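> Pasting the sequence and the predicted coordinates here, then a few questions.
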Amino acid sequence: MFGVFPSRGVWRRPGLHAVDLLVFAALLALLFGLLRLAPALNAPFLPKTAPSLVSTNPANLPYYAARSLLRMFVALGISILFTFVYATAAARLRRAEKVLIPLLDILQSVPVLGFLTVTVTAFINLFPGSELGLEFAAVFAIFTSMAWNMTFAFYHSLISQPRDMDEAARIMRLTKWERFWKVDVPSGMIPLVWNGMMSFGGAWFFLAASESISVLNHTYALPGVGSYVAAAIEQSSLSHVGIAIVVMVILVIAVNFMFWRPLVAWAERFRTEESASAERPRSVVLDLLRRSVVPDLVSRPARPVGRFLDRITRPFGLAEHPLQRPMLRTRTGDVFFFGAVSVVVVFGAWKALEYVHVHVGLGAFGPAFVDGAATFVRVVILLIVASVIWVPIGVWIGMNPRVSRLAQPVVQVLASFPANFLFPFAAASAIPSDLREAMRLMGLHGRLRWIKFILPAIFPAYVTGGITAAGGAWNASIVAEVVTYGHHHLVATGLGAYIAEAARVGNFPQVLIGVSVMSVYVVGLNRLVWRRLYRLAETRYSM
């Protein structure tokens with residue numbers, strides 16, 4: 001035994017392969033692009049002399065595309081952080097849930113222009129003389145079109161977490177921090193990825209409003225594809241609009257190929273099923289990354305940071321209490337908590353009404369509610385038509401993996417359609433393989449197959465999609481009810497046009513009225529219809 005030595009191949013260190021060089025070159029290109037873009041973000045900016053339009057020279061589109069993509073991904077990162085904090089607080093804190101979830105309903109009903117009207121001036125004053133303030137305002141506007149859907153999805157995954165996973169976390173004596181990263185995030189990864197992809201696709205719809213901002217009778221334009229489209233429309237240039245559409249389609253397909261498809265394929269590792277899927281999503285980019293040593297080399301320095309966070313968060317306690325506990329009789333604490341919340345809400349509402357009464361009078365709410373009724377009818381009709389058309393198509397795509405791979409970029413391109421087309425697609429993809437096999441063995445076909453299997457299986461995701469689609473449709477009314485092309489300006493009667501016009505001229509009381517009325521319609525519809533369907537989905541159709 002003493003004369004035996006390992007072969008020469010054992011001692012030889014693995015060298016770099018062609019795939020490693022390719023991944024390393026892509027990483028360098030990404031870092032180089034970020035370094036080139038960074039100085040432009042802090043360019044000099046004066047509100048009174050800032051340009052209201054960007055150049056429509058097509059040669060600038062690659063640069064504009066890079067700026068838009070950077071804003072989108074920064075907003076996505078902020079949305080993920082917001083989702084983790086907000087959804088976890090809502091799911092784990094019983095009293096906070098009673099406030100955070102209704103507040104989330106209200107936030108998703110506030111249109112992008114409602115946020116921009118308030119935040120643009122604040123961000124500009126926060127970074128005087130620098131374009132960074134306007135960049136923050138644009139990123140914040142994109143964030144408001146992404147975050148709510150992702151938060152609802154992760155919240156739902158937390159409150160519907162299987163009991164055996166909860167018990168396993170307590171048996172292993174995980175800390176609250178470890179439980180979050182080793183149990184909560186993995187169990188919610190698939191819905192989080194799918195909803196993130198849908199939110200990212202929907203954010204393209206509001207890119208023009210986020211990059212070409214019209215408030216206080218002035219328009220601020222940031223370099224980007226959205227502001228390029230706004231400038232082309234202002235100049236009545238159909239050719240430039242067409243070029244921008246082509247560039248947008250290329251961007252969506254490229255982002256899907258390089259980012260979302262690998263992420264969807266990677267998230268499959270978190271799927272828990274008794275039988276393996278016949279054909280799982282695949283990605284060429286993910287296969288290359290798995291064959292390369294570069295990701296491991298890049299992530300290796302972060303591992304000590306993770307171990308350090310595990311140690312310093314241990315004093316916060318263990319995840320030793322079961323999540324589904326019987327309701328405790330803590331009425332005294334509840335009375336004080338909800339009493340304090342009620343005082344804050346009543347005081348805020350009173351101050352808002354006083355502000356409106358002083359400037360335009362409370363009678364201005366009447367026309368706003370009438371305009372809201374017109375928009376409400378449009379939203380309901382759109383949801384019904386979209387459900388009838390897109391649910392069968394979405395189910396067909398989701399239950400055919402090969403079609404799904406081809407349709408995914410198309411879905412991203414068509415993300416301006418209501419989100420209830422996308423959710424059946426994602427829900428059908430997420431139906432466990434053992435249920436599909438059981439359906440096949442029982443011989444369910446045609447109408448019976450839809451009634452007994454498909455509709456109950458996609459119902460929870462459809463309800464989530466309906467809530468998001470309705471909120472998104474109200475938000476989209478800001479863009480849909482006001483159309484400007486060159487010297488032509490068309491306005492439809494509706495709450496979206498009401499808010500858009502008030503934001504354009506800087507009429508803050510009317511913006512407040514419009515946002516308040518829209519919140520009443522959206523929250524009322526959610527409470528009377530969608531939330532009841534949501535509870536039905538949780539109690540009867542949850543898988």
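Sure thing, it's come through.
> Chain neighbours aside, what residue packs nearest to residue 266?
Nearest in space to residue 266, with sequence neighbours left out and distances taken as Cβ to Cβ, 6 or more residues apart in numbering, is residue 286 at 5.8 Å. Using the backbone N, CA and C atoms, a C-beta is placed for each residue, glycine as well.
> Residue 156 reaches residue 464, doesn't it?
Yes. Contact status for residue 156 versus residue 464: in contact at 6.5 Å, counting by Cβ atoms under 8 Å.
> sorry, back to before: what's the spacing between the residue nearest to residue 266 and residue 511?
As for residue 286, its distance to residue 511 is 45 Å (criterion: Cβ to Cβ, to the nearest Å).
> neighbour count winner among those two?
residue 511 (25 against 17; other Cβ atoms under 10 Å).
> that older thread, can you name the helix or strand that the residue nearest to residue 266 falls in?
Using DSSP states H and E, residue 286 sits in helix 284-291.
> what does that helix contact?
17, 19, 22-23, 257-258, 261-262, 265-266, 295 (Cβ atoms under 8 Å, 6 or more residues apart in numbering).
> now do 10 Å
17-20, 22-23, 26, 257-259, 261-266, 268, 283, 294-296 (Cβ atoms under 10 Å, 6 or more residues apart in numbering).
> buried stuff in the helix or strand where residue 499 lies?
Residue 499 is part of helix 495-505 when elements are defined by DSSP H and E. Going by neighbour count (16 or more other Cβ atoms under 10 Å), the buried part of helix 495-505 is 495-504.
> what pLDDT does residue 408 get?
Residue 408 carries a pLDDT value of 64.
> now for the helix holding residue 499, which elements pack on it?
helix 112-126, strand 212-215, helix 365-398, helix 455-480, strand 482-485, strand 488-491, helix 508-525 (3 or more Cβ pairs under 10 Å, 6 or more residues apart in numbering; DSSP states H and E).
> Now it - C-alpha only, CSV.
The C-alpha coordinates for helix 495-505 follow below in CSV (Å, rounded to 0.1, in the frame of the first residue of the first chain):
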residue,chain,number,x,y,z
LEU,A,495,-61.1,58.2,-14.7
GLY,A,496,-57.8,57.5,-16.5
ALA,A,497,-58.1,60.6,-18.7
TYR,A,498,-59.2,62.6,-15.6
ILE,A,499,-56.0,61.7,-13.7
ALA,A,500,-53.8,62.1,-16.8
GLU,A,501,-55.0,65.6,-17.5
ALA,A,502,-54.7,66.6,-13.8
ALA,A,503,-51.2,65.3,-13.6
ARG,A,504,-50.2,67.0,-16.8
VAL,A,505,-51.1,70.5,-15.6
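> Also compute the angle for it relative to helix 112-126, please.
Inter-element angle recorded for helix 495-505 and helix 112-126: 20 degrees (by axes from the mean of the first three to the mean of the last three Cα atoms, to 10 degrees).
> report the angle between the axes of helix 495-505 and helix 365-398?
Going by the same axes, to 10 degrees, helix 495-505 makes 110 degrees with helix 365-398.
> what pLDDT does the nearest residue to residue 70 once chain neighbours are set aside get?
Residue nearest to residue 70 in three dimensions, not counting chain neighbours: residue 37, with 5.9 Å by Cβ to Cβ, 6+ apart. Listed pLDDT for residue 37 reads 85.
> And the one 10 residues further on, by the same measure?
Among the per-residue scores, residue 47 shows a pLDDT of 71.
> Please name the residues that touch residue 512.
114, 117-118, 352-353, 355-356, 359-360, 364, 499, 502.
> Now distance to residue 42 too, for these, in CSV please.
CSV is the format used below for the contacts of residue 512 (distance: Cβ to Cβ, whole Å):
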residue, distance to residue 42
114, 28
117, 25
118, 23
352, 36
353, 41
355, 35
356, 38
359, 37
360, 39
364, 41
499, 32
502, 32
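> List buried members of these by neighbour count.
114, 117-118, 356, 360, 364, 499, 502.
> Go through the residues you listed and say which is closest to residue 460.
Taking Cβ to Cβ as the measure, residue 460 sits nearest to residue 114 out of those, at 29.7 Å.
> Contacts only, for the closest one.
Residue 114 touches 144, 475, 478, 499, 502-503, 511-512, 514-516, 518-519, counting by Cβ under 10 Å, 6+ apart.
> Enumerate every residue touching the nearest residue to residue 203 once chain neighbours are set aside.
Once flanking residues are discounted, residue 203 sits nearest to residue 145: 4.7 Å by Cβ to Cβ, 6+ apart. Contact analysis of residue 145 by Cβ under 10 Å, 6+ apart lists 75, 79, 108, 111-112, 115, 199-200, 202-207, 209-210, 472, 475-476.
> Could you report the separation of residue 145 from residue 374?
23 Å.
> Also residue 146?
In terms of Cβ to Cβ, residue 146 sits 28 Å off from residue 374.
> Also residue 521?
11 Å.
> what about residue 385, how many neighbours?
With other Cβ under 10 Å as criterion, residue 385 counts 11.
> circling back to that earlier point, distance of the residue nearest to residue 266 from residue 393?
Taking Cβ to Cβ, one finds residue 286 at 27 Å from residue 393.
> now do residue 242
In terms of Cβ to Cβ, residue 242 sits 27 Å off from residue 393.
> For the stretch 251-400 of the chain, give me the ranges with low pLDDT.
Applying pLDDT under 70 to the stretch 251-400 of the chain flags the ranges 272-279, 315-334, 398-400.
> Could you give the average pLDDT over the helix holding residue 499?
81.
> now swap in stretch 469-483 and tell me
For stretch 469-483, the per-residue pLDDT averages 75.
> List every C-alpha atom in it, with coordinates, as PDB.
What follows is stretch 469-483, C-alpha atoms only, in PDB (Å, rounded to 0.1, in the frame of the first residue of the first chain):
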ATOM      1  CA  ALA A 469     -55.200  42.100 -14.200                       C
ATOM      2  CA  ALA A 470     -58.000  44.300 -12.800                       C
ATOM      3  CA  GLY A 471     -55.500  46.500 -11.000                       C
ATOM      4  CA  GLY A 472     -53.300  46.600 -14.100                       C
ATOM      5  CA  ALA A 473     -56.200  47.500 -16.400                       C
ATOM      6  CA  TRP A 474     -57.200  50.400 -14.100                       C
ATOM      7  CA  ASN A 475     -53.600  51.600 -14.200                       C
ATOM      8  CA  ALA A 476     -53.400  51.200 -18.000                       C
ATOM      9  CA  SER A 477     -56.500  53.400 -18.400                       C
ATOM     10  CA  ILE A 478     -54.100  56.300 -17.700                       C
ATOM     11  CA  VAL A 479     -52.500  55.500 -21.100                       C
ATOM     12  CA  ALA A 480     -55.500  54.100 -22.900                       C
ATOM     13  CA  GLU A 481     -58.000  56.900 -22.400                       C
ATOM     14  CA  VAL A 482     -55.700  59.700 -23.600                       C
ATOM     15  CA  VAL A 483     -54.100  59.300 -27.100                       C
END
